[in-house]
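> pasting a predicted model and its sequence here:
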Amino acid sequence: MDDFQRMQRQLIAAASSYLVSEDVGPFRLFINPDDDSPHANYAMPLSGTLPAALSLPLGRVEQGFRARQRQPRWEYLDDAAPALGVALRQRGYRQEMQTLLMRCHPNEITLGPATSTVVVQRLSADSPLEHYQAFRRVQWEAFGAHGSAPSLASAAQFRDRFAALRCYLAWQEDEAVGAGSLTPPHTGVAELAGIATVPRWERRGIGTAVAARIMQEAFADGIELLFLTAANADAGRIYARLGFKACGHGVAYLLDR
């Protein structure tokens, strides 16, 4: 099995541990009962080998979304199912996102001298709920501050829903300034996700410090392959300094009608 299939299967396994899932032919539908926004609900291909006729299974996936009052959306690694994007565009989906897929093996990690003085904390089930709220707030600010600021109630909901996610929080004295996570490993593969820095603290090495801590712990725990999806080439250069190498793309498609 190539790395693309290994990474795609890890994404499927991780999402299955958090969300309500349903197999629909060659696809898996993921529903977040706590959040009806498009980015929280999506489908993925179960394999890179898809049937020639996709109209019927794609229609069934769309019915599954609509039956749950969700907008049809797909999120997956383009290189793991290269034929799917064509089929989705033919059905009227628009590509809403293309990210840079990067991977790193244990012998490729390159950690330079620390350039940040932050303390990186790994959250646990025993961590104060306020720390989970701070984790969510950092990501909320870093990714555009859409909607309401995270509350204690929403932080508790997140902690319980994503209990298998390893969450890391960076502190500058008593201020939470950075965050990141490691998704549940599957067959030696895990995803580095959600690396975020509060905007006013950007360009101080905080995201690098969080990513480096996660990488060190993941490889020490026996992970054979780490991957991530960077928003763009500029973000990718930061991860390249840690040993990640570009290898493909992640994509998301949304059906507006």
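Perfect, I can see it now.

> list the buried residues of the helix or strand bottoming out on mean pLDDT in the chain.
Within the chain, confidence by mean pLDDT, DSSP states H and E is lowest for helix 233-240 among all helices and strands, at a mean of 92. By 16 or more other Cβ atoms under 10 Å, the buried positions in helix 233-240 come out as 235-236, 239-240. Glycine gets a C-beta too; all of them are placed from N, C-alpha and C.

> how about the helices in the stretch 151-257 of the chain?
For the stretch 151-257 of the chain, the helices defined by DSSP state H, counting those that start in this stretch cover 152-161, 206-220, 233-240.

> need these in TSV (columns: distance to Y132).
What follows is the helices of the stretch 151-257 of the chain, written out as TSV (distance: least, Cβ to Cβ, whole Å):
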stretch	distance to Y132
helix 152-161	4
helix 206-220	16
helix 233-240	25
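
> where does the stretch 1-150 of the chain dip in pLDDT?
1, 145 (pLDDT under 70).

> what segments of it are strands?
Secondary structure of the stretch 1-150 of the chain (DSSP state E, counting those that start in this stretch): strands at 20-24, 27-31, 42-45, 73-77, 94-104, 119-122.

> circling back: quick one: distance of the least confident helix or strand of the chain to the chain centre.
Relative to the chain's own centre, helix 233-240 is displaced by 16 Å; criterion: Cα atoms, centre = their mean, to the nearest Å.

> using CSV, list the CA coordinates for it.
The C-alpha coordinates for helix 233-240 follow below in CSV (Å, rounded to 0.1, in the frame of the first residue of the first chain):
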residue,chain,number,x,y,z
ALA,A,233,3.2,27.2,-0.1
ASP,A,234,4.2,29.9,2.4
ALA,A,235,2.9,27.8,5.3
GLY,A,236,4.5,24.8,3.7
ARG,A,237,8.0,26.4,3.9
ILE,A,238,7.6,26.5,7.7
TYR,A,239,7.0,22.8,7.9
ALA,A,240,9.7,22.1,5.4
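
> where are the low-confidence patches of the stretch 151-257 of the chain?
Judged by pLDDT under 70, no stretch of the stretch 151-257 of the chain qualifies at all.

> can you tell me the centre-most residue of the chain?
Geometric centre of the chain, nearest residue: A193, 4.7 Å, by Cα atoms, centre = their mean.

> state the distance from that one to A230.
Computed as Cβ to Cβ, to the nearest Å, the A193 to A230 distance reads 11 Å.

> and if you look at G144?
Using Cβ to Cβ, G144 is found at 17 Å from A230.

> name the residue in the two with the higher neighbour count.
Neighbour count, other Cβ atoms under 10 Å: between G144 and A230, A230 has more, with 20 against 9.

> re the thing from before, and the residue nearest to the centre of the chain, how far from E22?
Distance, A193 to E22, by Cβ to Cβ: 23 Å.

> repeat for R161
With Cβ to Cβ as the criterion, R161 and E22 are 17 Å apart.

> for the two, indicate the residue with more neighbours.
The neighbour count for R161 versus E22, taken as other Cβ under 10 Å, is higher for R161 (16 against 13).

> right, and that one touches V20 too?
No. Under the criterion of Cβ atoms under 8 Å, R161 makes no contact with V20, lying 10.5 Å away.

> mind listing what the closest residue to L101 other than its chain neighbours touches?
Setting aside the residues directly before and after it, L101 is nearest to G248 in space (Cβ to Cβ, 6 or more residues apart in numbering), at 4.2 Å. Going by Cβ atoms under 8 Å, 6 or more residues apart in numbering, G248 touches 4, 77-79, 101.
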